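Engineer: the following block contains a protein sequence and its predicted model.
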Amino acid sequence: MTNRFSLAVHGGAGTILRSQMTAEKEAAYHAGIEAALKAGYAVLEKGGNSIDAVVEAVCALEDNPLFNAGRGAVFTSDGKHEMDAAVMEGTNRNVGAVAGIQGPKNPVRVSRLIMDQSEHVFFSADAAMKMARDAGLAFEDADYFHTDARWNALQETLKLRAEGKESDDPARRHGTVGAVACDAQGRVAAATSTGGMTAKAPGRIGDSPVIGAGTFADNQTCAVSATGHGEVFIRYCAAHEIAARMRHAGESLETAAHHVVMEDLAKNDGSGGLIAVDAKGNVVMPMNSEGMYRGVVTQEGRFETFIYSDEESA
Ligand code: ASP
């Protein structure tokens, strides 16, 4: 049976505050989100699988230095990169996740490799990098991952910290990229990739690669990719909680996602948002932050991109 396919992507809830945004930067973010949608749409349009679509969409965002994943990843407190990523297929609950890697050009491809080739589902650092190397995945040196914007954000954050203050600028603090899709066969999938939070402690792992927290997919309910204050998303099992509310309480995708973002997370210091799709192709993109770089495309090929929370979106 042919379904209505759809794809949504996000480039993180760590949006530049409206007061500091320029028309030029805004255009660059919209273009980056649209390029990711196009990469995923190209797969779905040919009747491809949702898992391939979300991986291609996330790779496009990882390759764009504007977003906090892959090339534009933020720095740890000791000036290094530690990236996390995960993929999940809703048909069979296949999962691949990776934490704390530095070097692979596209961390999401490492998570896909783990899903496809290992009997295990979650690897960290050296072992994951060895698997990526052995499989011939592309690597880049530290220069490729260095952006002045992220380096300056680290310096400013460390300075504020030394003064006993926390940064309240979301663009400086965090970001993540992700994609969810429902293909023409009604199969859903999710992928998420992140550099984490600026000046995070070495070894810290956020919600993005934690299945059920920042990433989840199940054809019975939905696929979810989250962005925001990772510790809170982990505590509240954010992504799985949406699926659980749909499965056990019979809630719609919209009601369940809204509850988790606006009640569970917002009321517990969990700023951020998420994108989610169900097996009928319905998409929601709720957030409790000022913005979330995001976009959606449906079968008809209508591409829509948004930045701030008060913009009209699914
Ligand atoms: N959720 C990510 C993390 O905690 C960061 C973000 O999305 O802003 O690592």
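Structural biologist: Received, thanks.

Engineer: tell me if stretch 190-201 is near the ligand.
Structural biologist: Yes: remark: stretch 190-201 sits within contact range of the ligand at T194, G196, M197, by C-beta under 6 Å from any ligand atom. For every residue, glycine as well, the C-beta is placed using N, CA and C.

Engineer: tell me if I'm right that the first one and G175 touch.
Structural biologist: Which is T194. Yes: here T194 reaches G175: they are 7.2 Å apart, a contact under C-beta atoms under 8 Å.

Engineer: who touches both of these two?
Structural biologist: A shared contact of T194 and G175, defined by C-beta atoms under 8 Å, 6 or more residues apart in numbering, is any residue touching both; here these are G12, N68, A69, T227.

Engineer: among these, which one has the most neighbours?
Structural biologist: Scoring those on neighbours with other C-beta atoms under 10 Å, the highest-scoring entry is T227 at 34 neighbours.

Engineer: one step back: closest to T298 out of the residues of stretch 190-201 next to the ligand?
Structural biologist: Closest to T298 out of the residues of stretch 190-201 next to the ligand is T194 (26.2 Å), distances taken as C-beta to C-beta.

Engineer: so what's the closest residue to that closest one other than its chain neighbours up against?
Structural biologist: In space, and not counting its chain neighbours, T194 is closest to T176: 3.8 Å by C-beta to C-beta, 6 or more residues apart in numbering. By C-beta under 8 Å, 6+ apart, the contact list for T176 reads 10, 12-14, 68-69, 192-194, 206, 208, 214, 226-228.

Engineer: so which of the residues of stretch 190-201 next to the ligand is the most crowded?
Structural biologist: Neighbour counts for the residues of stretch 190-201 next to the ligand peak at T194, which has 32 neighbours (criterion: other C-beta under 10 Å).

Engineer: circling back to that earlier point, the ligand next: which of the shared contacts of T194 and G175 are close?
Structural biologist: G12, T227.

Engineer: could I get the shared contacts of T194 and G175 as JSON lines with secondary structure and pLDDT?
Structural biologist: Listed next are those as JSON lines, based on DSSP: H, G, I helix; E, B strand; the rest coil; pLDDT from 0 to 100:
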{"residue": "G12", "secondary structure": "coil", "pLDDT": "97"}
{"residue": "N68", "secondary structure": "coil", "pLDDT": "97"}
{"residue": "A69", "secondary structure": "coil", "pLDDT": "98"}
{"residue": "T227", "secondary structure": "strand", "pLDDT": "98"}
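
Engineer: dump the shared contacts of T194 and G175 to TSV, plus distance to G96.
Structural biologist: What follows is the shared contacts of T194 and G175, written out as TSV (distance: C-beta to C-beta, whole Å):
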residue	distance to G96
G12	21
N68	21
A69	16
T227	19
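
Engineer: just flag the most distant two among the shared contacts of T194 and G175.
Structural biologist: When C-beta to C-beta is used, the two most widely separated members of these are A69 and T227, lying 10.0 Å apart.

Engineer: what does the helix or strand containing I307 rub up against?
Structural biologist: Element membership of I307, judged by DSSP states H and E, is strand 303-308. By C-beta under 8 Å, 6+ apart, the list of residues contacting strand 303-308 from outside reads 15, 18, 21, 26, 29-30, 33-34, 37-38, 41, 285, 290-297, 312-313.

Engineer: may I see the buried residues of it?
Structural biologist: Across strand 303-308, burial judged by 16 or more other C-beta atoms under 10 Å covers E304, T305, F306, I307, Y308.

Engineer: which among the residues you listed gets closest to the ligand?
Structural biologist: Looking at these and their distance to the ligand, the nearest is I307, at 15.0 Å (C-beta to the nearest ligand atom).

Engineer: any buried residues in the top helix by length along the chain, and which?
Structural biologist: When the chain is scanned for its longest helix (criterion: DSSP state H), the result is helix 23-45. Burial within helix 23-45, assessed by neighbour count using 16+ other C-beta under 10 Å, is assigned to 29-30, 32-41, 43-44.

Engineer: tell me how far stretch 70-86 lies from the chain's centre.
Structural biologist: Per C-alpha atoms, centre = their mean, to the nearest Å, the displacement of stretch 70-86 from the mean C-alpha position of its chain is 14 Å.

Engineer: list the contacts for I234?
Structural biologist: Going by C-beta under 8 Å, 6+ apart, I234 touches G206, D207, V210, A213, G214.

Engineer: I'd say R18 and D310 touch.
Structural biologist: No: using C-beta under 8 Å, R18 is not in contact with D310; the gap is 9.7 Å.
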